[in-house]
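Engineer: predicted model follows, preceded by the sequence.
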Amino acid sequence: MTNSDIACLQPAIVWSHFATLCTTPRASKAEAVLRDSLLQWALARGLAAAVDATGNLIIRKAASAGAENRPGVVLQAHLDMVCQKNADSEHDFSRDPIVPELRDGWLVADKTTLGADNGIGVALILAALEDESLVHGPLEVLLTVDEEAGMGGARGLEAGVLQGRLMLNLDTEEWGEFYLGCAGGLDVNVERVGVAEPVPAGFEVVRIALSGLRGGHSGVDIHEERGNAIKLLVRVLRELEGVTPLRLVDLVGGSARNALPREAVATVAVPGGRGGRLAGWLAGMEASLRSELRGIDEGLRLSASVAQATQVMAVAEQEVWLGSLHAAPHGVRRMSRQVPGVVETSNNLGMVELHPNGGSCNFMVRSLIGSGSLALADEIVSLWALSGTNAEQSGFYPGWAPNPDSALLKLCQSVYRRDFAAESKVQVIHAGLECGIIGDKYPGMDIVSFGPTIRGAHAPGERVEIASVERCWRLLRAILTEVR
């Protein structure tokens, strides 16, 4: 499907902007080309627009005639996307356009992420700026950078820049639901320096790959207990250590801190003649793991191939890394007692990169309660401290505390009920929205989040339901018209 085909979808005013986003690379920390293009687009339309010191794009549109005294509304989304692809994809996120396909009412990217998170939100906001028939009060648009890699844009936003006291965040992924709260969190970054040793005499080198997992969003999908490629491959290696002498050369897994790792690869050295027999043993492990993940991640695959290496990790370093990674927590720690059915605290072992001279890994911790994320992060730091390994907490950001008395929520619910003849749901999400950070800088700001239906965010195969995008556009226009 070409981007011209996307632009033929309805509403065209929204999809044409998403087509532009698909053609413009926008990895976290590399949004400048897109941002500057949108800046010029806004200025050419006579809109007030500027880039702040952090790199966020802020655009203002004057109220419609006669609506000057209505409350100002901030429309907010983030420019960057999670860049994930399958191992067999040659896609280069620094230069190649996203290639979506139309399938049964959904727009899908097959071997890469689609960027509907949060590209559809951005497209809806740009459409609101473009639509001259829309009746509205003063509009401010905040398009942030670096959301997916640590919420750097929201963190760097200065207090006092925004005048609006109402904010619509367009970064959630279930049509018919209004979000009123989200998790906060932080990162734990682990780093350790080691000493390499030569591959033992008479050993051969083999590469073991674990692939075929679903992956997904490390917050939204964490409760589904999908496989974590890093944890599973470490488990495979630990069990293999009990079968044959094994020396670790390297281990690489995951490519984004906020995505569930789908693939991991390890290079190991084993006594000569044993590498060829690994295939049978791995087939047994694959069957066992698939059985454990039945109904969740049955596509898991284990394979072995001949590799080359001259150095391995020291035995003591190998024990520290494999033992600690094996013991490290991953997944749901606690379900919320205040919000039934919602995860309270979790963490994702999202990335690891080990080599003979040392390595690093990252844990992303989330919680609806600030003390909950800090406590779990401290546990992880304490685990690594047992081996004298450096582990540091960084990037703490607050959660978004629900305000059940929100006047903006009541307006959104009323408009939804009137225009769609149904009742909406109110939710709290176990994912990091920028609302908590922005709300912390602007106390008293009334914030609600909504969006179309998106599936598989942060993983290849990400898709957005086309009909829900049209409904979102209708809802956004109606809410902005009704704000008084």
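Structural biologist: Cool, the structure landed. Note that this is a predicted model, so its numbers are computed, not measured.
Engineer: how many neighbours does the nearest residue to A307 once chain neighbours are set aside have?
Structural biologist: Distances taken as C-beta to C-beta, 6 or more residues apart in numbering put R207 closest to A307, at 4.0 Å, once the chain neighbours are dropped. C-beta here means a position set from N, CA and C on the backbone, and glycine is covered the same way. R207: 18 surrounding residues under other C-beta atoms under 10 Å.
Engineer: what mean pLDDT does the helix or strand hosting R207 have?
Structural biologist: Element membership for R207, per DSSP states H and E: strand 203-211. The average pLDDT within strand 203-211 is 97.
Engineer: who are the packing partners of it?
Structural biologist: helix 229-241, strand 247-253, strand 264-271, helix 278-292, strand 301-306 (3 or more C-beta pairs under 8 Å, 6 or more residues apart in numbering; DSSP states H and E).
Engineer: export these as a markdown table, with columns for mean neighbour count and mean pLDDT.
Structural biologist: Below are these laid out as a markdown table (neighbours: other C-beta atoms under 10 Å; pLDDT from 0 to 100):
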| stretch | mean neighbour count | mean pLDDT |
| --- | --- | --- |
| helix 229-241 | 20 | 98 |
| strand 247-253 | 23 | 98 |
| strand 264-271 | 22 | 98 |
| helix 278-292 | 15 | 97 |
| strand 301-306 | 16 | 97 |
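Engineer: mind putting the ones you listed in CSV, distance to T24 included?
Structural biologist: CSV is the format used below for the helices and strands packed on strand 203-211 (distance: least, C-beta to C-beta, whole Å):
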stretch, distance to T24
helix 229-241, 30
strand 247-253, 29
strand 264-271, 31
helix 278-292, 39
strand 301-306, 34
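Engineer: hey, where'd the strands end up in the stretch 301-450 of the chain?
Structural biologist: In the stretch 301-450 of the chain, the segments counted as strands under DSSP state E, counting those that start in this stretch are 301-306, 311-313, 331-335, 343-355, 358-367, 390-397, 425-429, 446-449.
Engineer: how about low-confidence regions in the chain?
Structural biologist: 1-5 (pLDDT under 70).
Engineer: show me where it has helices.
Structural biologist: 3-7, 12-23, 32-44, 116-130, 152-156, 229-241, 278-292, 315-327, 370-385, 407-420, 435-441, 466-482 (DSSP state H).
Engineer: kindly compare burial across the ones you listed and name the winner.
Structural biologist: Highest mean neighbour count of the helices of the chain: helix 116-130, a mean of 26 (counted as mean count of other C-beta atoms under 10 Å).
Engineer: and the angle from it to helix 12-23?
Structural biologist: Inter-element angle recorded for helix 116-130 and helix 12-23: 130 degrees (by axes from the mean of the first three to the mean of the last three C-alpha atoms, to 10 degrees).
Engineer: what's helix 116-130 packed up against?
Structural biologist: Against helix 116-130 (3+ C-beta pairs under 8 Å, 6+ apart) you get helix 12-23, helix 32-44, strand 73-78, strand 139-144, strand 454-455, strand 463-465, helix 466-482.
Engineer: of all these, which one is nearest N403?
Structural biologist: Nearest to N403 among the helices and strands packed on helix 116-130 is strand 73-78; the distance by C-beta to C-beta comes to 15.9 Å.
Engineer: the helices and strands packed on strand 203-211: which one's closest to S37?
Structural biologist: Nearest to S37, of these and by C-beta to C-beta, is strand 247-253 at 34.0 Å.
Engineer: which residues does that closest one contact?
Structural biologist: 199-200, 203, 205, 210, 229-230, 233-234, 237, 261, 263-270, 307, 309, 311-313, 315, 318, 321-322, 351-356, 359 (C-beta atoms under 8 Å, 6 or more residues apart in numbering).
Engineer: residues contacting M167?
Structural biologist: Counted by C-beta under 8 Å, 6+ apart, M167 has contacts 73-76, 435, 438, 445-448.
Engineer: any idea how far E224 is from it?
Structural biologist: 30 Å (C-beta to C-beta, to the nearest Å).
Engineer: for R277, same thing?
Structural biologist: If you go by C-beta to C-beta, the gap between R277 and E224 works out to 35 Å.
Engineer: ok, now V352?
Structural biologist: With C-beta to C-beta as the criterion, V352 and E224 are 21 Å apart.
Engineer: follow-up on the earlier one: which of the contacts of M167 sits closest to L480?
Structural biologist: Using C-beta to C-beta, these come closest to L480 at V73, 6.3 Å.
Engineer: residues contacting that closest one?
Structural biologist: 136-140, 164, 166-168, 480, 483.
Engineer: export these to JSON lines and tack on distance to P402?
Structural biologist: Output for the contacts of V73, formatted as JSON lines (distance: C-beta to C-beta, whole Å):
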{"residue": "H136", "distance to P402": "26"}
{"residue": "G137", "distance to P402": "25"}
{"residue": "P138", "distance to P402": "27"}
{"residue": "L139", "distance to P402": "25"}
{"residue": "E140", "distance to P402": "24"}
{"residue": "G164", "distance to P402": "20"}
{"residue": "L166", "distance to P402": "16"}
{"residue": "M167", "distance to P402": "15"}
{"residue": "L168", "distance to P402": "16"}
{"residue": "L480", "distance to P402": "23"}
{"residue": "V483", "distance to P402": "21"}
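Engineer: could you chop the chain up by domain?
Structural biologist: 3-183+400-482, 186-397 (automatic domain parsing).
Engineer: sorry, back to before: let me have the strands of the stretch 301-450 of the chain in a markdown table, adding distance to R257 as columns.
Structural biologist: As requested, the strands of the stretch 301-450 of the chain are arranged in a markdown table below (distance: least, C-beta to C-beta, whole Å):
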| stretch | distance to R257 |
| --- | --- |
| strand 301-306 | 24 |
| strand 311-313 | 24 |
| strand 331-335 | 15 |
| strand 343-355 | 4 |
| strand 358-367 | 5 |
| strand 390-397 | 10 |
| strand 425-429 | 18 |
| strand 446-449 | 22 |
